[in-house]
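Asker: Dropping a prediction and its sequence here:
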Amino acid sequence: MAGGLKWDLIDEKKGTKTSAFGSPGRINHDSTPFYTSRLYEELPKEQIIKYVENPVPSEFLDKIFCKTSERMEELPDSSIHLMVTSPPYNVGKEYDENLTLNEYRVFLKRVWSEVKRVLVPGGRACINIANLGRKPYIPLHAFIVEDMLNLGFLMRGEIIWNKASSGSPSTAWGSWLSAANPTLRDIHEYILVFSRGMFTRKKHTKRNSTVSREEFLEFTKSVWTFPAEQAKNIGHPAPFPIELPYRLIQLYTYEGEVVVDPFMGSGQTAIASLKTKRHYVGYEINEEYVKLAEKRIRRFTYVQTAPALFDLIVKEGRENM
Ligand SMILES: C[S@@+](CC[C@H](N)C(=O)[O-])C[C@H]1O[C@@H](n2cnc3c(N)ncnc32)[C@H](O)[C@@H]1O
């Protein structure tokens, strides 16, 4: 059978049950044996915890704090619905420190555990990361997954961001047309998706999901294709495109909720939050980038509200005629 062997044993009351091989059946599937298997024994387990949500003080909403995100004391426990971020890569960009791999992981773990504290039960943490080097290759994404699991996050999936031609490095070919040392050129990055404590977010009758049908079908796929952002267009060495936080916000939050980016850079997550009528809180250690992000956010807000302001002035003008 194409795609591997699959025997779905159908018991009318219990639904389908996947035996030894293959992918799960779609209708009324009894997955208990799989999830209770020893494969899951050592992984973090879902805890059904009471839903608690504490408000972020209004003076801290839609702000970027110029400080390290290792401590986010402005944010109460269980107050944030989604974290979207791309961490510093520790590769010698102007904001990077020269840490060993282990020191780098310890630093990031301090941030991830703060994220865990501030997320609401079921809140999601999405980390955009690219792997580094070739001799040998450093699978940063694998280390981050390990660290997040050790902190007790539940992993929900891994999105391959296909940057298509915009991401193709032209150097490091190794040996041309020879098996001596062909070198892979990464045209992808990862977006690792985790949740805190529970798989499901509380259903809110008074909060709207804003994702459209077409977006939902596209954004729930595990490969996303859109171009990277040009550093020189933004004025920051490593911005991600607004499309990246936009998709995660649409998929994982309700309107009016709060998104945190512990490494805010040029403010892309803030702009995506405003675009989708969510609030943001950001942390960014470099004062120049905080100023850049604030300037870009002001410009975005102006462009977004200008047509409405124009309509209002025209309307008032007519009324006063
Ligand atoms: C990869 S960039 C993020 C880019 C951002 N996603 C954007 O689209 O512009 C990482 C950012 O983390 C900032 N940073 C480094 N260490 C930090 C820390 N301890 N706390 C907060 N921000 C930090 C850097 O200055 C840099 O702007």
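Answerer: Now that the structure is in, tell me what you want to look at.
Asker: Up against the ligand, what does the stretch 1-150 of the chain have?
Answerer: 68-70, 86, 88, 95 (CB under 6 Å from any ligand atom). In short, each C-beta sits where N, CA and C put it, glycine included.
Asker: Could you do the stretch 151-300 of the chain as well?
Answerer: 236, 238-240, 262-263, 265-266, 268, 283-286, 289.
Asker: one more time with 8 Å, if that's ok
Answerer: By CB under 8 Å from any ligand atom, the residues of the stretch 151-300 of the chain that approach the ligand are 229, 234, 236-241, 245, 261-269, 283-286, 289, 293.
Asker: Can you list the helices and strands that the longest strand along the chain packs against?
Answerer: Using DSSP state E to define each element, the chain has its longest strand at strand 119-129. Counting contacts by 3 or more CB pairs under 8 Å, 6 or more residues apart in numbering; DSSP states H and E, strand 119-129 packs against strand 80-85, helix 101-118, helix 140-150, strand 188-195, helix 243-252.
Asker: CA atoms only for it, dumped as PDB, please.
Answerer: Below are the C-alpha coordinates for strand 119-129, written out as PDB (Å, rounded to 0.1, in the frame of the first residue of the first chain):
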ATOM      1  CA  LEU A 119       1.500  32.200  29.700                       C
ATOM      2  CA  VAL A 120      -2.100  31.300  30.500                       C
ATOM      3  CA  PRO A 121      -3.000  27.600  30.800                       C
ATOM      4  CA  GLY A 122      -2.900  26.300  27.200                       C
ATOM      5  CA  GLY A 123      -1.100  29.500  26.000                       C
ATOM      6  CA  ARG A 124       1.200  28.800  23.100                       C
ATOM      7  CA  ALA A 125       4.900  29.500  22.700                       C
ATOM      8  CA  CYS A 126       6.200  29.700  19.100                       C
ATOM      9  CA  ILE A 127      10.000  29.900  18.400                       C
ATOM     10  CA  ASN A 128      11.400  30.800  15.000                       C
ATOM     11  CA  ILE A 129      14.900  29.400  14.700                       C
END
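Asker: between that strand and strand 80-85, how many degrees?
Answerer: Relative orientation of strand 119-129 and strand 80-85, computed by axes from the mean of the first three to the mean of the last three CA atoms, to 10 degrees: 10 degrees.
Asker: Can you read off the pLDDT for the most centrally placed residue in the chain?
Answerer: What sits nearest the mean C-alpha location of the chain, by CA atoms, centre = their mean, is C126, with 2.6 Å. The score at C126 is 98. That number is its pLDDT.
Asker: For it, give the beta-bridge partners.
Answerer: Here C126 sits in beta bridges with V84, V193, as judged by DSSP bridges.
Asker: can you tell me how far it sits from I234?
Answerer: From C126 over to I234 the distance is 20 Å, taken as CB to CB, to the nearest Å.
Asker: before we move on, what about R278?
Answerer: 21 Å.
Asker: Those two: who's more crowded?
Answerer: For R278 versus I234, the count of surrounding residues by other CB atoms under 10 Å is larger for R278: 24 against 19.
Asker: State which one residue of this protein is found closest to the ligand.
Answerer: Residue nearest to the ligand within the chain: G265 (2.6 Å; CB to the nearest ligand atom).
Asker: ok, that residue touching G235?
Answerer: No. Between G265 and G235 there is no contact under CB atoms under 8 Å: 10.2 Å.
Asker: more neighbours, these two?
Answerer: G265 (26 against 13).
Asker: residues in contact with the nearest residue to that one once chain neighbours are set aside?
Answerer: Leaving out its chain neighbours, the residue that sits closest to G265 by CB to CB, 6 or more residues apart in numbering is H236, at 5.2 Å. By CB atoms under 8 Å, 6 or more residues apart in numbering, H236 lies in contact with 265-266, 289, 292.
Asker: This completes my enquiry, with thanks.
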